[in-house]
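K.L.:
predicted structure and sequence below. I'll ask about it afterward.
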Amino acid sequence: MKRIKILLLLLIPSLLLAQEPTGKEILERIDQNMASKTTITKSRMIIHGARQTRTIEAKSWGIGDEKSFTEYLAPVREKGTKMLKLEDELWIYSPSSDRIIKISGHMLRQSLMGSDLSYEDMMDNAELLEDYDAGIIGSDVIDDRDCWIVELQAKTAAVNYQTRKMWVDKQRYIPLKEELYAKSGKLLKKLELSDVEKIGDRWYPKKLVFKDMLKKGDGTEFIIDEIKFDEVILEHIFTKAALK
Amino acid sequence: MIRFLFKGLLRDRNRSLLPILVVTAGVTLTVFLHCYITGILGEMIEFSAKYTSGHVKVMTRAYAENKNQLPNDLALIEVNELINNLNEDYPSMEFVQRINFGGLLDAPDEYGETKKQGVVVGLAVDLISENTKEIDRINIRNSLKSGRLPEKSNEVLLSNDFAEKLEVKLGETVTLITSTMYGGMSIQNFIVSGTIEFGVQMMDRSGMVADISGIQDALNMHDACGELLGFLDMANYDDLAALEVENSFNKKYSNPSDEFSPIMTRLKNDSIMSGYFDYVDAFVGIIVTVFILAMSIVLWNTGLIGGLRRYGEIGVRLAIGEEKGHIYRSMIWEALLIGVVGSLLGTAFGLGFAYWLQEVGIDVGDVMKSSKMMMPSVFRANITAPAYYIGFIPGLFSVTLGTMLSGIGIYKRKTASLFKELET
């Protein structure tokens, strides 16, 4: 009997250990929640600047990581501005100048509408598993929820952030907090995700707070008011003709 | 005794004319050179003041902390009211609005799509107001390479190289993509009215000059600007006057606990200029000291020669019984008189030439055109307080010291051998 007890004591931790997913499995589960074939989103971006808070409303259509189209609805100065992303290229249409302008190179790292997000952040919708290797480096509690702390290391240099640290909800497989680092190890941005809701068969955070650590201000809230997954989107939206 | 000596100097021109002429020439050169060097180096400081720093500059405290990043989101607001207050407080000064901005400049093809684009470094100044002094202040008319100055708020000047890089011709449209003061996206069309050569590599690579009202519109900066430059009512920067304005302004308007309250900094405290000020002070000091030393040696030599030339005369005076000390003292008094007269004349001539150069200046505009430098086209002298006394250092003391040194020989002469010396 005593031997059985000892055997059980030895086996239980290894059984528990076996239940803990690998970094790769966590990323797969996160991608299942966050990625989709198509999305149609209505959102608000609340930018807490050094001097004032602005709210920008937008509607977006997206197909995977390849194509997205965003139309800004408010405020008046931004209303009618449209952005088209095709692969790694971005075009902006501005009604005030009646011009379609291609944004490229380091301009993509500039702030999107004065927010804490860059154009690159907005364009980055790739599945995590494609670009990163991951490993669990610890556990923590965020908003009373048990989380794994997962460290992501980029597989290639072509990503915006070489290292990411994620606090992933152990039950819902949604990151609740994230830190984004440059190759040098400098912390560039912090991200907090909340208001996690069950939409269909996936969990999805409807509020994201970005903080650019190199910028003044209290960060940018990105609030998703409506989101639809895997709806049919007509291809003509993703053409330059649709910008004007 | 001085009157007697003075009469002697006037009557015996062989004894006084040459030394006075040499002292006058030396002092004239010293005074003129001092004014000229001070003027040219001051002109460079003044040019920087006109272009970037003002004699004083007003920014928000937050902007001042991050001014290298051109943080227009931290710009001054309610600027017109502030300018009115400043005009009341400092009626002799002029305050002008400036906006430094960056972004992307996009040149369209015939279909309106992006043909070329590049990062732009921009400066917005008042180019189209009726009484604007900004065009002359930053010497933009002389820097114009093609086209004309902007006449409307939506017209801009591009650096010649940048216009070529973007393949933009005069009269064509370019689009500025940047951020508004409140962080929003700004996409605004401008027409290229002309091209300029800045002479500054960064500006020549990607520079743009626009009217301030056009940029205020584009950046949503109505009644706002990044910097207010203040200019004292004097040709050259006066640090004491600027310090007085700086202190009184900051006492009245600046609040250390409010990052958006205005703060004034004077030219000498400007991060770029402070080093240059030290350099100029050191440079002027070294050049003037070396020149004064050289002139001192020349004038000292004049004193020595004077003393030696009068070897025979002194021998006669000793032979007829004049005391050695009396001769020595009278020679020193004579040297002092020559020094005073020469220094006064030299200072007057030096100041006269310097005044002429201060008022008229030397026009180097034609030379500067070929050198492609955006810098003052007229070099002027500057008469400062030291110019009134600096000539007396070589003029007065060197001649006197030279005479004192050569006069020591008087005490070495022996009465017994005087007649023998006089015979030869």
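P.N.:
Nice, thanks for sending it over.
K.L.:
chain neighbours aside, what residue packs nearest to the closest residue to chain A within the stretch 251-400 of chain B?
P.N.:
Relative to chain A, the nearest point of the stretch 251-400 of chain B is B:F260 (7.2 Å; Cβ to the nearest Cβ). Yep, even glycine has a C-beta here, placed from its N, CA and C like the rest. Nearest residue to B:F260 in three dimensions, chain neighbours excluded: B:T60, at 4.9 Å (Cβ to Cβ, 6 or more residues apart in numbering or on different chains).
K.L.:
isn't that neighbour right next to B:N255, touching?
P.N.:
No: using Cβ atoms under 8 Å, B:T60 makes no contact with B:N255, being 10.7 Å away.
K.L.:
shaky segments in chain A?
P.N.:
Counting by pLDDT under 70, chain A contains low-confidence residues at A:1-19, A:125.
K.L.:
now do the helices in it.
P.N.:
Taking DSSP state H, the helices of chain A run over residues A:2-19, A:23-34, A:119-123, A:128-131.
K.L.:
list the buried residues in the last one.
P.N.:
Counting neighbours by 16 or more other Cβ atoms under 10 Å in any protein chain shown, one finds that the buried residues in helix A:128-131 are A:128-129, A:131.
K.L.:
reformat those residues as JSON lines; add distance to B:N85.
P.N.:
Listed next are those as JSON lines, based on distance: Cβ to Cβ, whole Å:
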{"residue": "A:L128", "distance to B:N85": "56"}
{"residue": "A:L129", "distance to B:N85": "61"}
{"residue": "A:D131", "distance to B:N85": "56"}
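K.L.:
does residue 229 have beta-bridge partners, and which?
P.N.:
Answering for chain A, as no chain was given. Applying DSSP bridges to A:F229 gives these bridge partners: A:T39.
K.L.:
try again with chain B
P.N.:
Beta-bridge partners, per DSSP bridges, of B:L229: B:K57, B:V96.
K.L.:
can you name the residue of the stretch 101-250 of chain B nearest chain A?
P.N.:
Per Cβ to the nearest Cβ, B:G183 is where the stretch 101-250 of chain B lies closest to chain A, at 1.9 Å.
K.L.:
that residue: what's it in contact with?
P.N.:
B:G183 sits next to A:47, A:49, A:54, A:111, A:113-115, B:73 when contact means Cβ atoms under 8 Å, 6 or more residues apart in numbering or on different chains.
K.L.:
now do 10 Å
P.N.:
A:47, A:49-52, A:54, A:56, A:111-116, A:215, A:217, A:220, B:72-73, B:220 (Cβ atoms under 10 Å, 6 or more residues apart in numbering or on different chains).
K.L.:
show me which of the residues you listed are buried.
P.N.:
Of the members of the contacts of B:G183, the ones counted as buried by neighbours, 16+ other Cβ under 10 Å, are A:47, A:49-51, A:54, A:56, A:111-116, A:215, A:217, A:220, B:72-73, B:220.
K.L.:
now chain A against chain B: closest residue?
P.N.:
In chain A, the residue that lies nearest chain B is A:G114 (1.9 Å; Cβ to the nearest Cβ).
K.L.:
my read is that that residue contacts A:T55, right?
P.N.:
No: A:G114 is beyond contact range of A:T55, at 11.8 Å (criterion: Cβ atoms under 10 Å).
K.L.:
that older thread, so the residue nearest to B:F260 touches B:M181, yeah?
P.N.:
No: B:T60 is beyond contact range of B:M181, at 11.6 Å (criterion: Cβ under 10 Å).
K.L.:
what is in contact with these two at once?
P.N.:
By Cβ under 10 Å, 6+ apart, the residues touching both B:T60 and B:M181 are A:51, B:71, B:74-75, B:77, B:226.
K.L.:
okay, the residues you listed in a markdown table with distance to A:E120 and secondary structure next?
P.N.:
Shown next, in a markdown table, are the shared contacts of B:T60 and B:M181 (distance: Cβ to Cβ, whole Å; DSSP: H, G, I helix; E, B strand; the rest coil):
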| residue | distance to A:E120 | secondary structure |
| --- | --- | --- |
| A:R51 | 25 | coil |
| B:P71 | 22 | coil |
| B:L74 | 25 | helix |
| B:A75 | 27 | coil |
| B:I77 | 31 | strand |
| B:G226 | 27 | coil |
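K.L.:
out of these, which one sits closest to B:I314?
P.N.:
B:G226 (73.9 Å; Cβ to Cβ).
K.L.:
do you know the pLDDT at that closest one?
P.N.:
As predicted, B:G226 sits at a pLDDT of 94.
K.L.:
neighbours of it, how many?
P.N.:
B:G226: 25 surrounding residues under other Cβ atoms under 10 Å in any protein chain shown.
K.L.:
give me the angle between the top strand by length along chain A and helix A:23-34.
P.N.:
Ranked by residue count and defined by DSSP state E, the top strand of chain A is strand A:187-199. In terms of direction (axes from the mean of the first three to the mean of the last three Cα atoms, to 10 degrees), strand A:187-199 departs from helix A:23-34 by 60 degrees.
K.L.:
can you give me the strands in the stretch 251-400 of chain B?
P.N.:
B:262-266, B:362-363, B:378-379 (DSSP state E, counting those that start in this stretch).
K.L.:
coming back round to it: just the buried ones among the contacts of B:G183: which are in strands?
P.N.:
In this view, those that belong to strands under DSSP E are A:47, A:54, A:56, A:220.
K.L.:
my read: the third one touches A:G49, true?
P.N.:
No: under the criterion of Cβ under 10 Å, A:I56 makes no contact with A:G49, lying 11.7 Å away.
K.L.:
what touches both of the two?
P.N.:
With contacts taken as Cβ under 10 Å, 6+ apart, the residues that reach both A:I56 and A:G49 are A:114-115, A:220, B:183-184.
K.L.:
which parts of chain B belong to which domain?
P.N.:
For chain B, automatic domain parsing gives the domain ranges B:2-47+B:276-423, B:56-231.
K.L.:
mean pLDDT lowest where, among those?
P.N.:
Mean pLDDT is lowest for domain B:2-47+B:276-423 out of the domains of chain B, coming in at a mean of 76.
K.L.:
the more surrounded of B:T60 and B:N255?
P.N.:
Remark: of B:T60 and B:N255, B:T60 carries more neighbours, 24 against 12, as counted by other Cβ under 10 Å.
K.L.:
so what's the more buried one up against?
P.N.:
Contacts of B:T60 by Cβ under 10 Å, 6+ apart are A:51, B:66-67, B:71, B:74-77, B:226-227, B:254, B:258-263.
K.L.:
can I have the buried ones of those residues as a ChimeraX selection?
P.N.:
In ChimeraX, a selection of the buried entries from the contacts of B:T60 looks like this (16+ other Cβ under 10 Å):
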select /A:51 /B:67,71,74,75,76,77,226,227,254,259,262,263
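K.L.:
doesn't the residue of the stretch 101-250 of chain B closest to chain A fall inside a helix?
P.N.:
No: the assignment for B:G183 is coil, going by DSSP: H, G, I helix; E, B strand; the rest coil, so no helix is present there.
K.L.:
could you check how far it is from A:K211?
P.N.:
Applying Cβ to Cβ, to the nearest Å, the value for B:G183 to A:K211 is 15 Å.
K.L.:
picking up where we left off before, same list (the strands of the stretch 251-400 of chain B) but as TSV, adding distance to A:P205.
P.N.:
Shown next, in TSV, are the strands of the stretch 251-400 of chain B (distance: least, Cβ to Cβ, whole Å):
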stretch	distance to A:P205
strand B:262-266	42
strand B:362-363	69
strand B:378-379	66
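K.L.:
nothing else from me, thank you.
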